[in-house]
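Visitor: Whatever this is, show me its structure:
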Amino acid sequence: MNRSFWPLIIIGAGPAGLTASLFTARDATETLVIEREAVGDNANFTGFEFSDRLREQAEFFGVEILQSSSIATIRSRDNYHTVVTTTGEEFSGSASSSRQGANTGA
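Guide: Below you'll find the predicted structure:
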């Protein structure tokens, strides 16, 4: 991914994270979603077709989804947040939101 700054970073691509990203993207807020597993592979979520439809709609509206990436740390200062993955990638944004279900640690 060539880009490191996003107005909004959502951690977790379950139903809540994808729905939030869909609405923010429809409001023209550039959004990055970071998910530890493949989208739709959450064992606590049945209905893979529903998850796939949410992902497709979010991507249609311009949401970038980074799959198979675990979060190492989140640093915040004032209204600026930096999310660091376990592979060392850093993404910064003016807002971040964690939408994790029963499996914590996006």
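
Visitor: How about residues contacting the longest strand anywhere in the chain?
Guide: Criterion DSSP state E: the longest strand present in the chain is strand 90-98. Strand 90-98 has contacts (C-beta atoms under 8 Å, 6 or more residues apart in numbering) with 4-12, 17, 20, 32, 34, 66, 74, 76, 79-85, 106. In this view, the C-beta of every residue, glycine as well, is placed from N, C-alpha and C.

Visitor: In ChimeraX, how would I select just the buried ones from the residues you listed?
Guide: Restricted to buried positions by 16 or more other C-beta atoms under 10 Å, the ChimeraX selection for the contacts of strand 90-98 reads:
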select :6,8,9,10,11,12,17,20,32,34,66,81,82,83,85,106
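
Visitor: From the contacts of strand 90-98, which land in strands?
Guide: 5-11, 32, 34, 66, 74, 76, 80-85.

Visitor: Show residues contacting stretch 22-32.
Guide: Residues outside stretch 22-32 that contact it (C-beta under 8 Å, 6+ apart): 6-10, 21, 54, 57-58, 61-66, 91, 93.

Visitor: let's go with 7 Å and repeat that
Guide: Contacts with stretch 22-32, where a contact means C-beta atoms under 7 Å, 6 or more residues apart in numbering, come from 6-10, 21, 54, 57-58, 61-64, 66, 91.

Visitor: what distance separates the start and the end of it?
Guide: 11 Å (C-alpha to C-alpha, to the nearest Å).

Visitor: Run through the bridge partners of Ser97.
Guide: Under DSSP bridges, the beta-bridge partners of Ser97 are Ile10.

Visitor: Done for today, thanks.
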